[in-house]
Each structure stands twice: as C-alpha cells, then as structure tokens.
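Visitor: Need a 3D model of the sequence below.
(chains A and B)
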There are 2 protein chains.
Amino acid sequence: MQVEVVTIGTELLAGEIVDTNAAWLMARFEDLGLRVHCHQTVPDEEATIAEALEVAAGRATLLVLTGGLGPTDDDRTAEAVARWAGVETVLHPEAEALVRAALARFGATVTERQLRQARLPRGARPLSNPKGTAPGFHLRRRDRDLFVLPGPPEELRPMAEAHLLPWVRARRAGAHYATEVLRCYGRGESVLSDLVAGSGIDLTGIELGWRFSFPEVLLRVRAEAETEEGARARLEEALGALEQALSPWCYARGEQSLAAVVGGLLREAERTLAFAESCTGGLLSTLVTDVPGASAYFLGAVVSYANEVKAEVLGVDASILRTHGAVSPECARAMARGARARLGADLAVAVTGIAGPSGGTKEKPVGLVHFALADAEGVVHKRRIFPGDRAQVRRAAAYFGLDLVRRRLTGRLEVRG
Amino acid sequence: MQVEVVTIGTELLAGEIVDTNAAWLMARFEDLGLRVHCHQTVPDEEATIAEALEVAAGRATLLVLTGGLGPTDDDRTAEAVARWAGVETVLHPEAEALVRAALARFGATVTERQLRQARLPRGARPLSNPKGTAPGFHLRRRDRDLFVLPGPPEELRPMAEAHLLPWVRARRAGAHYATEVLRCYGRGESVLSDLVAGSGIDLTGIELGWRFSFPEVLLRVRAEAETEEGARARLEEALGALEQALSPWCYARGEQSLAAVVGGLLREAERTLAFAESCTGGLLSTLVTDVPGASAYFLGAVVSYANEVKAEVLGVDASILRTHGAVSPECARAMARGARARLGADLAVAVTGIAGPSGGTKEKPVGLVHFALADAEGVVHKRRIFPGDRAQVRRAAAYFGLDLVRRRLTGRLEVRG
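Guide: Below is the predicted model of the structure:
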C-alpha cells in the first residue's frame, strides 16, 4: 500500500497556517508501520485538485484528501474528485441525512448552501462527522481508494480514527506493529536519550522516535513482531524498561496530560488544590480544568494580575509588595499561603513572574518566575528563569507549577513549616 | 509567474518534523504578491524527485526545491534534477571552489564525499551558501527555472534572500497584489458569506477565501491591480465595504485577536476588567493575558470552580446556590457583581455552565452556559447552549464572554440597574 496525502486549501499556500493535518496523518501511518510516500498541497481550484489527484494516483494506491468540503463556493473538493473519477456529483441521501442531523445537533437551519455538503461523487460512501456538518467520503475508482476528510483538525482526527485507520489496519499485510508514546517533563531530549542509551535496555525489534513538544519531550516507541500479540508483548516489555530508565522524568503513557496525572494523584491522596496566578494569568487553571472531572479536586484560583488583587483578595501584606515587589520569593510564598487559606485547599501553588516582552530589569529579567507551594506542613519556594517569548515563558511556568504538585505528591519535594 | 515549492526529505514524511521552509518561502512569495500555486513533499529517491519535477513543471514556471544537497548517499537532489533536465552531473569548478572555501572556513578536511556537493547538473549556475558547505544552484531548462536550495533553514533563508528573491523581484511583470484578513465572530461562514453575497459589493479584481478557525471565521481578501498602489487602493476600498457588510460580526483586520481588540477598547475607555470564571476554568483570563500589556486594564479573576469559592471569595449568597444552583442566571449575576466589587473593577464578566462530558441533566444539559456582565450601570444576563465537546464548549464560552465586553463597550449591549 503506497499512501499519498493531498491537502486542499488556498490559505495553506500563503505560509500563514501550518498544515497540522498532514503531519498528524503521517504520524498515524507511521504508527501502522507505513511511511506516507508523497504529500501535495493544492489550492481550492477544481482543475488543479483533479490534476493533483491524477499525479497522486500515478504514485500511490491510497489517497487521503483533507479540506474543501464546507458549504461555501470556494469548497471544490467533491466536484474535483468527481471530475477525476469521471462521474458526477449527486445529492447523496445518506449524506443528506448526516448533514440534516448535524445541523439539528447544532441548532442551525437547513439551507440550500448547507445541503451542498451532501453532494458527493456518484458511488461514494459517506463518512459521518460527529464534530461538524460536512460528511467525509470514501470512493474507490480506477483501482485507487480515496478517503476525503474535512479540513478542521478537530473534525478530521476523530473521522480518521473512526473510518480511515481501521480500514488501513484491516488491509495491512506482513509485520505487525504496536506503538505507544512516553511523555517526559523536566529534562531535554539529549539528557533523556543518554539515559536510555546508558541503561543497556534491549531494543531489538523496537524503534524509538524522540520529539520535542514544548515544554515536554515525547518518545514514540514502536515494536515490530510477526503477530499482533507479539508486537504488543514486545512493546509492553520495552515500555516498562524505558519508564524505569527515564524515571522520574517520564510521567505518563499515551495521551494523558501532565494535568491529568496530577489530577489522578490528587484523587488518590484525597487532596484539594488551588492556585494563585500572576504571570500565567489563568493558564495553570486552564490546564487543570481541561481535564474532565477536575471539580473533584480543583477548588479554584485567584488570578491576581494587579497588585491590589494580590493584597485584597489573597491577603498579601502591603509591606511585602512595597519592599520586595510582586516578583519575589516573599510574594510567591504569601500568595500560596493566601490562596490556600482563602480558598480552603489542601495544596496551593503560586506563580509570579515577568512574562515579557516588557517589564524586565537587570535584577528581574523577562523570564524570571517565582513559585511557591503551600500545604499543611509548610511552604517551599522555587525560582526559575525561562527562555523564550511571552507565550513560552507562560507555558513553561504553568508546567513547572503543575510539576511542583506532582513532585510534592510523589514525595520528591520537601516543604518547611 | 506560477510558483511550486518542492520539499525533499524522507524524514519530512514521518510527521514528526514541521516543514518550516515551505511556509517561510510561501510567506516570502506572498510578500511579493505571488501565491505559491502548489507544494509537494517527496522522499530522497531520485526517480520520485524527478517525477515530482515533471509534475511541478507541468503546472508552474518557477520551481523552488529545498533539501537533499548534502554530502551523504541519501542526498539525491542534484542527480534527480539532472535526470529531469536530461543532462548529466559534472564536477562544477565554481561549485568546487565554493565547497573548498566553505570547508576551509569550518576548518574541515576536503574529502571525496564533501566534493560530491560540487557535482551539479550541467549548465547549472552555483549559488553560494555562507552558512553551510553545500552550494545551491539555479538551472534553466525546458522553459522552466529551478532554484535548488539546501534543507537546513539557517542555510536556506539567507540563500533565498541573496539569490532567489531578488531574481523573482526583477522578473515580476503584470499584476500586483495586496492581501489582508478580516476576522469575524458571532456568525458562521455560511451566514457571513450570504451577507457578502447579498450586499452587492463590487468584487472585481478581488479574491475572497473563507476559513473557520473555531470559534472565529476568517476572510482573506486579495486585490489585484496593474500597479502596487492600485492593488493597495483596491484592497482598502474592498475592505471598507466588506467590513460594513459584515458589521458587527467583523471585529478586526489582520493578526489582532478578539482579546486584543477588547483590550484596545478598554484602554480607550479607560476602564478596568475582572472575571469570575466557573466552567471556563481560567481560559477567559488566559486569552486576555495572552496579550502583552494586559496589566494596563485587566485586574484579575476568581476562578470559582467550587461552590464554596463562589460563596466565600465572590460573596455569592448561599441561598442562591441552594435555590437556583451554580448554573443559573441568579448565580451568574451574583458572580459578576461579586467579582466587580471584590476586585475593584469597572466591568466584570461571569461565566458559569456545564462543560461536560458529565454533569448534564435534562433541565441543565451539557453546553448550557450562563453569562453576566456587571458595570456601574447595572447587570445583564445571557444564556447560551453551545454544541461540541468539553474543549469546544469552554472555548466557545470564553469567546462569548469576551465578546460581551466588546458589545458593551461598542454600545450594543444594555444593562439594567
């Protein structure tokens, strides 16, 4: 099976948007032991898309198309596929039912324009889209299989997982593969890969792929064997050894976020959490509440951007703010204690720093962040200087704050009374 | 001039590395009023590269290739170009001098392998590479111009600026282009495009491209004219008319976020802002503090995830929580009033709802969100049911909350005392 991905969208040729769909699809094929052969990006022009399909059909047997399935006039993908296939587009009854159901779900009106999305090349099999209105479709013509999926990543991904990948898996012959990702935080790729190299783990039949996903490092582990069970067993064995070698930096397998792991630890310990956020401006709370069920352990936060809020809502002493300033160990400690007391939490983490781009001085440069964690036993303070721009400093600080909770709950952080 | 970019590198088809070269080149061409027509990514295989060039030459007149020029055996680009051009590769004296000079600069030894980089298709013009050892080259064959540049971005960028872009600039004939993006919020693509269609705006010389970037809709507007000034004037005229047709849904031009626009309005009105966030869990504050300089108008927020925090920190009456529950108009109003008073802000927005996936009931389904905005004149309440998963509900609610501030400050939202 030779695979080509064709991304459709004039806006993707302007260099403004990164085509995350293509990379995501490539990684999924990689998981199945298949390397995508070629990739094209073409504009929303019927003739150009049809020609690109001709080219792709010349060098691949499975064509995955993304984009151009929406209701507006510049969405030309279905017509282009029909042109390439030598068929016409028809209002497909099953697709129409999907579009109508989606519109009902979103409480939107059924219009002629919306129903354009149900016009598919004759002979296509519609693919349901739980997150949007445009159905995808699968068409087999001229000895080629085409899977055509919408452009928005939040629609494409579940559709690829529901329709495309199982279809590919069922047709894969020969070797079997099993894949998992190990998620690490706290050390860089070069330190972590040295740890693996130095551990003497047997990596026969295992392929490792490192990737930096700021501020985390992800390790993709792929096992190959003659049977599916063999591949899974080999993978499990390798994962166990790798987790040990990467301890304590490796915090989870698969899609689990650091916030979800922290949430699990809080549930287990039956503890509640609160934050006092200054430079992260709500990001730490956002990460924690991204996790379904966070209300079981997360009480809330005070985003104390202004000094008056630090003083009046968190109870930070005016003399601390006057003498040491808001970006200081003293203020971080007082914020953590204040959040813990005011919100009635078992643990509280405070973050105060300078995210930039302005506001830095020689003594307190952009990127400087003070942290404090308070619990029943006392308080601990940490200081870091993070490199990067405003968004990077904020993200790095939020992860560091989260990791303090993980460290505390796994016995790797001492506090003082 | 029709342009195609061809990225060469097997590793780019695994989905782990983002091809920043292609996006960078596209943006540079966009600056010159040229939209790259198509883009291909192909593996380091001589035959596949040569075929991709055949395809590219069929739809473009300028081909920009990146990657595969290094000294190792899997670097096949020069051979592939020679194959496509129907010539052989030769050790090019000028290229050899460039390679030798580069090796001397880096203090490296001249080896056979290094000198491979000086073997270029016959008739090529070598392009110097100040940051690396592999020269690029320009070849004109079969009525097509090929610029072949190395893959590492730090080598490609200065080489494109020194050799490729001046060449393009000198040859730009005929039409000139000017581009801008209009950002819309509050209505979907299909309603907005109907508004444009129904407005009777003269769109001669204008190309429109719609894009959904949840929960916003972006409209890219490109004007074409015979002179640069003409294109700019045509664009300005079209933007004015489109903004009017899309009012009040169009909130900004270009890269400005909704939070930045709200920030600008607050600065202008000299007002301060605070939030009381429940289901958005800090996301509203994060969006506002993503904008540099937000401390000028944003005081902070109380993320009141637990009812106790709503009661104790925001001062929501226990009887409201008991009688109406946390997800109610009454609670939203009390949260907004409480945040405004406790944080001392001019305006406060409260958000309380059910983000899901669990916690919904028949009366209060997942997606139900109550909003309130309080200012000196009183309070206003809004209720919405957002479709989608937890992440979508949270994001939709955060944008709706932000937009309430925009509506209030632009005189489109009444409050009651």
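
Visitor: what's the average pLDDT for stretch A:397-404?
Guide: Mean pLDDT, computed over stretch A:397-404, is 98.

Visitor: err, stretch A:160-180, not the other one
Guide: Per-residue scores along stretch A:160-180 average to 88.

Visitor: measure it end to end?
Guide: Length of stretch A:160-180, first residue to last, CA to CA, to the nearest Å: 18 Å.

Visitor: Flag every residue of the stretch 151-300 of chain A that's near chain B.
Guide: With the criterion set to CB under 8 Å from any CB of the partner chain, the stretch 151-300 of chain A comes near chain B through A:152, A:154, A:209, A:211, A:220, A:275, A:277, A:280-286, A:288-290, A:292-295, A:298-300. All C-beta spots, glycine's among them, are computed from the backbone N, C-alpha and C.

Visitor: Now with 7 Å, please.
Guide: A:152, A:154, A:209, A:211, A:281-283, A:285-286, A:289-290, A:292, A:295, A:298-300 (CB under 7 Å from any CB of the partner chain).

Visitor: List the buried residues of stretch A:320-327.
Guide: A:I320, A:L321, A:H324, A:A326, A:V327 (16 or more other CB atoms under 10 Å in any protein chain shown).

Visitor: when you check chain B, which of those residues turn up near it?
Guide: With CB under 7 Å from any CB as the criterion, these include none near chain B.

Visitor: Kindly tell me how buried A:L208 is, as a neighbour count.
Guide: Around A:L208 there are 15 other residues, counting by other CB atoms under 10 Å in any protein chain shown.

Visitor: Let me know whether it touches A:V221 as I believe.
Guide: Yes. A:L208 is within contact range of A:V221, at 6.1 Å (criterion: CB atoms under 7 Å).

Visitor: which of the buried residues of stretch A:320-327 lies closest to chain B?
Guide: A:A326 (10.3 Å; CB to the nearest CB).

Visitor: For the closest one, give me its contacts.
Guide: By CB atoms under 7 Å, 6 or more residues apart in numbering or on different chains, the contact set of A:A326 is A:S278, A:N307, A:K310, A:T352.

Visitor: Is the last one part of a helix or strand, or is it coil?
Guide: Three states are possible here, and by DSSP: H, G, I helix; E, B strand; the rest coil the one that applies to A:T352 is strand.

Visitor: can you tell if stretch A:105-115 touches chain B?
Guide: Yes. Stretch A:105-115 lies within reach of chain B by CB under 7 Å from any CB, at A:R105, A:F106, A:T111, A:R113, A:Q114.

Visitor: pLDDT-wise, what's the bottom of the residues you listed?
Guide: A:F106 (85).

Visitor: So what's the residue count around that one?
Guide: 14.

Visitor: Also A:E377?
Guide: A:E377: 11 neighbours (other CB under 10 Å).

Visitor: same check, this time on A:S257
Guide: If we define neighbours as other CB under 10 Å, then A:S257 has 17 of them.

Visitor: so how far is A:R232 from it?
Guide: Relative to A:R232, A:S257 is positioned 24 Å away (CB to CB, to the nearest Å).

Visitor: can you pull the pLDDT of A:E88?
Guide: The per-residue pLDDT reported for A:E88 equals 96.

Visitor: Weed out the non-buried ones from the residues of the stretch 151-300 of chain A next to chain B.
Guide: A:152, A:209, A:281-283, A:285-286, A:289-290, A:292, A:295, A:298-300.

Visitor: spatially speaking, which residue is in the middle of chain A?
Guide: A:E255 (8.0 Å; CA atoms, centre = their mean).

Visitor: Quick check: closest non-adjacent residue to that one.
Guide: Among residues not flanking A:E255 along the chain, A:V181 sits closest, at 7.8 Å (CB to CB, 6 or more residues apart in numbering or on different chains).

Visitor: So which of the residues of the stretch 151-300 of chain A next to chain B are in strands?
Guide: Counting by DSSP state E, these place A:G209, A:R211, A:F298, A:L299, A:G300 in strands.

Visitor: my guess is the fourth one meets B:V309, correct?
Guide: Translated: A:L299. Yes. Between A:L299 and B:V309 there is a contact under CB under 7 Å: 5.6 Å.

Visitor: Report the set of residues contacting both of the two.
Guide: A:L343.

Visitor: What residues sit buried inside stretch A:345-358?
Guide: Within stretch A:345-358, the residues that count as buried by 16+ other CB under 10 Å are A:A345, A:D346, A:L347, A:A348, A:V349, A:A350, A:V351, A:T352, A:G353, A:I354, A:A355, A:G356.

Visitor: now for those, which pair is the farthest apart?
Guide: Greatest spatial distance among the buried residues of stretch A:345-358 (CB to CB): A:D346 and A:G356, at 32.9 Å.
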